[in-house]
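Structure for this input, please:
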Amino acid sequence: MNPFKQLLRRAGSQPPLGTWLLSASPLLAEAAGHAGFDFAVIDMEHGPLDLGDVVHLLQAVGGTRLVPVVRVPWNDTVMIKRVLDAGATTLLVPFVQNAAEAAAAVAATRYPPQGVRGMAGMSRAAKFGTQPDYLMTANRQMAVIVQIETEAALGELEAIAAVDGVDAIFVGPADLSGSMGLTGQINHPRVMKAMADAARRCRALGKPVGSIGVELEVMAQYRAAGYDYLAINSDLGLFVQAAQRSIAALRGRDTEHVHDLAGGTREA
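Predicted coordinates:
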């Protein structure tokens, strides 16, 4: 079975926790895998990643327990084909607005007759031709997560979730806030209410739903609302936040000891 689907099935009362990989650094990706994250999104939509970078990140996390999810830059059949040939098996497809777009995303991940994915026998996905049954088994290995990020898409949630081959929903709070006229206000009560409503509806449909947050308090609210998997921040975000906290703490300490320094004393 697809590893992301396995992750969701064995989650129990603890939603899988992930992060975003934006830096294009294989070392940071590998470190994230060893840090304890259950999954990570390799982000081609907003990260500076080309297809070669995706391969390197997939290789980097391949020796860890982390399950990679690749967010393609757009719901594009050609790009999806290339990312799958590079070895991805779980895709996050952005800005899906209706059932037809969800169906197109699923079709792009399936070989005929179930879909329109072009066939290649020597791809990294097929272990460079050494997995002779790949073309016959690949369709069963795929997972498709569709990203809902507007009020209009939320209105189509039930129809989108009902598309055969849509394995999970992801609700993007940032773009959702923008579509509601509340750009950047992801903690606004209206946005939080919409997020909670999306989770409730997905639970009623039996469809796993996930999201991303930065503040732990907001993440706790998502969990309480019933989100099945959650991502916290990104590799770059976690680094910058830790760096800023350390700098602020050290500068505060220096200020406290300014009189000691002026008097000629200094701590080691």
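
Strands along this protein, start to end?
17-21, 39-43, 67-71, 90-93, 143-148, 168-171, 209-213, 229-234 (DSSP state E).

In contact with residue 142, which residues?
Taking Cβ atoms under 8 Å, 6 or more residues apart in numbering, we find residue 142 in contact with 2, 84, 89, 90, 91, 109, 110, 165. (Glycine included, C-beta is placed from N, CA and C.)

how about the first one, what does it touch?
Just to be clear, that refers to residue 2. The contact partners of residue 2, by Cβ under 8 Å, 6+ apart, come to 89, 90, 141, 142, 143, 167.

mind redoing it with 7 Å?
Listed by Cβ atoms under 7 Å, 6 or more residues apart in numbering, the contact partners of residue 2 are 89, 90, 141, 142, 143.

The last one - how many residues pack around it?
Spelled out, that is residue 143. Using other Cβ atoms under 10 Å, residue 143 has 24 neighbouring residues.

Who are the contact partners of it?
For residue 143, the contact set (Cβ under 7 Å, 6+ apart) comprises 2, 4, 5, 89, 90, 167.

quick revisit: farthest-apart pair in the contacts of residue 2, please.
Using Cβ to Cβ, the two most remote members of those are 90 and 141, lying 9.3 Å apart.

So for those two, which sits in the more crowded spot?
Set side by side, residue 90 and residue 141 show more neighbours around residue 90, with 24 against 16, by other Cβ under 10 Å.

So what sits opposite that one in the bridge?
Here residue 90 sits in beta bridges with residue 143, as judged by DSSP bridges.

hang on, the earlier thing: between the strands of the chain, which gets nearest to residue 49?
Closest to residue 49 of those, according to Cβ to Cβ: strand 39-43, at 6.9 Å.

Can you tell me what sits against the closest one?
Contacts of strand 39-43 (Cβ under 7 Å, 6+ apart): 4, 7, 16, 18-22, 29, 32, 49, 54, 57, 61, 66-71, 92, 231.

Can you give me the neighbour number for the nearest residue to residue 150 once chain neighbours are set aside?
Closest residue to residue 150 apart from its sequence neighbours, by Cβ to Cβ, 6 or more residues apart in numbering: residue 179 at 3.9 Å. Residue 179: 17 surrounding residues under other Cβ under 10 Å.

Mind telling me which residue is nearest the centre of the chain?
Closest to where the C-alpha atoms of the chain average out (Cα atoms, centre = their mean) is residue 41, at 3.6 Å.

so that one bridges to which residues?
With DSSP bridges as the rule, residue 41 is bridged to residue 20, residue 69.

low pLDDT regions in the chain?
Residues of the chain meeting the criterion pLDDT under 70: 253-268.

picking up where we left off before, format the contacts of residue 143 as CSV; extra columns: distance to residue 210.
What follows is the contacts of residue 143, written out as CSV (distance: Cβ to Cβ, whole Å):
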residue, distance to residue 210
2, 15
4, 10
5, 13
89, 17
90, 12
167, 11
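
List just the nearest of those residues to residue 226.
Ranked by distance to residue 226 (Cβ to Cβ), the contacts of residue 143 are led by residue 167 at 17.3 Å.
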